[in-house]
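Peer 1: the sequence isn't on hand, but the structure is:
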């Protein structure tokens with residue numbers, strides 16, 4: 001019934017201004033508008049997804065590695081990093097960097113036959129993903145850096161902090177101490193990690209980051225439990241945020257000539273960090289020389 005007690009049917013004619021509109025038409029137009037709004041929102045969100053975007057899974061995703069030889073399960077509410085984009089039949093698809101996920105998720109890729117750290121293409125829609133900002137626990141390094149105008153430079157920062165001050169010149173044959181924070185929020189520590197690998201091996205220790213705070217050059221990571229591999233400060237007796245690890249970014253750097261200073265084909269640039277006075281570095285950039293492939 002209308003406010004005046006007049007029964008409305010699908011054939012009722014109503015007047016809007018000087019235009020006579022059929023009630024059935026009004027319903028149709030409203031439906032189209034709602035659908036356009038929903039579709040528009042989805043398209044807008046998908047359009048913002050680019051390489052290195054961060055997404056949070058909205059449901060459990062069962063997929064494969066890029067060669068479709070190994071199965072992967074990515075749990076709901078897992079934050080992932082996009083490593084590739086493609087468009088097909090008007091839809092956008094993403095490939096994910098599985099190596100940057102915690103050990104429990106990437107473990108199936110630790111297979112002697114596997115040579116891929118990337119997932120199969122997954123449709124970038126609201127059913128699968130939500131676009132999110134870069135997590136605060138990853139604020140200790142830049143995900144990307146412009147090398148425009150510097151064709152011989154390649155930015156390679158991957159979140160790994162190695163103990164020491166510079167990448168060894170013969171790193172391919174070396175092992176070292178490193179730690180990282182995965183895109184889904186776990187600190188992983190390795191006491192004997194090869195410098196060169198396809199998929200990050202099983203960590204010596206792993207711990208979920210409960211909270212992260214970025215202030216100035218510091219990123220503070222909070223944990224519920226203590227571990228002895230890295231220096232922690234106890235800040236609370238109860239709760240989830242009892243222990244703090246402070247990563248200090250010095251913005252200093254070092255360089256490594258590879259394979260050596262006399263025969264260098266490239267130079268590796270390393271950015272310096274300290275953890276309670278202990279020095280760590282991240283290999284962030286490669287510089288090639290003219291004439292080298």
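Peer 2: That came through, no problem. As the structure is a prediction and not an experimental result, all values here were calculated from the model.
Peer 1: low-confidence stretches in this protein?
Peer 2: Counting by pLDDT under 70, the chain shows low-confidence ranges at 1-45, 290-293.
Peer 1: would you state the helices of it in chain order?
Peer 2: Under the criterion DSSP state H, helices of the chain are mapped to 23-47, 103-106.
Peer 1: centre-most residue in the chain?
Peer 2: For the chain, the residue nearest the mean C-alpha position is residue 81 (2.9 Å; CA atoms, centre = their mean).
Peer 1: that one touches residue 159, doesn't it?
Peer 2: No: using CB atoms under 8 Å, residue 81 makes no contact with residue 159, being 9.7 Å away. C-betas here are computed from N, CA, C, even on glycine.
Peer 1: what touches both of these two?
Peer 2: Common neighbours of residue 81 and residue 159, counting by CB atoms under 8 Å, 6 or more residues apart in numbering, are residue 100.
Peer 1: quick check: closest non-adjacent residue to residue 80.
Peer 2: Sequence neighbours aside, residue 96 is the residue nearest to residue 80 in space, at 4.7 Å (criterion: CB to CB, 6 or more residues apart in numbering).
Peer 1: quick one: contacts for the one you found?
Peer 2: Applying CB under 8 Å, 6+ apart to residue 96 gives the contacts 74, 80-83, 118-119, 122.
Peer 1: kindly provide the distance from it to residue 53.
Peer 2: Residue 96 sits 10 Å away from residue 53, going by CB to CB, to the nearest Å.
Peer 1: what sits in contact with each of the two?
Peer 2: 81-82.
Peer 1: quick one, strands of the stretch 1-150 of the chain?
Peer 2: 13-16, 19-22, 54-57, 61-64, 71-74, 79-88, 91-96, 122-123, 129-132 (DSSP state E, counting those that start in this stretch).
Peer 1: residue 165: which of these is closest?
Peer 2: Taking CB to CB, strand 79-88 is the member of these nearest to residue 165, at 27.5 Å.
Peer 1: check the offset of that closest one from the chain's centre.
Peer 2: 10 Å (CA atoms, centre = their mean, to the nearest Å).
Peer 1: buried residues, that strand. List them.
Peer 2: Within strand 79-88, the residues that count as buried by 16 or more other CB atoms under 10 Å are 79-83.
Peer 1: how about TSV for these, with distance to residue 254 added?
Peer 2: Below are these laid out as TSV (distance: CB to CB, whole Å):
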residue	distance to residue 254
79	31
80	32
81	27
82	31
83	28
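Peer 1: between those residues, which is closest to residue 62?
Peer 2: Lowest distance from residue 62 to those (CB to CB) belongs to residue 80, with 14.1 Å.
Peer 1: residue 55 is in contact with the closest one, correct?
Peer 2: Yes: taking contacts as CB under 8 Å, residue 80 lies within contact range of residue 55: 5.5 Å.
Peer 1: between those two, what contacts are shared?
Peer 2: Counting by CB under 8 Å, 6+ apart, the shared contacts of residue 80 and residue 55 are residue 129.
Peer 1: what's the first-to-last distance across stretch 64-76?
Peer 2: Start to finish, the residues bounding stretch 64-76 are 16 Å apart (CA to CA, to the nearest Å).
Peer 1: run through who's touching it.
Peer 2: Identification of contacts with stretch 64-76 by CB under 8 Å, 6+ apart yields 57-63, 80, 95-96, 98, 101, 105, 108-109, 111, 113-116, 118-120.
Peer 1: 7 Å instead, please
Peer 2: 57-63, 80, 95, 98, 105, 108-109, 111, 113-114, 116, 118-120 (CB atoms under 7 Å, 6 or more residues apart in numbering).
Peer 1: thanks a lot, catch you later.
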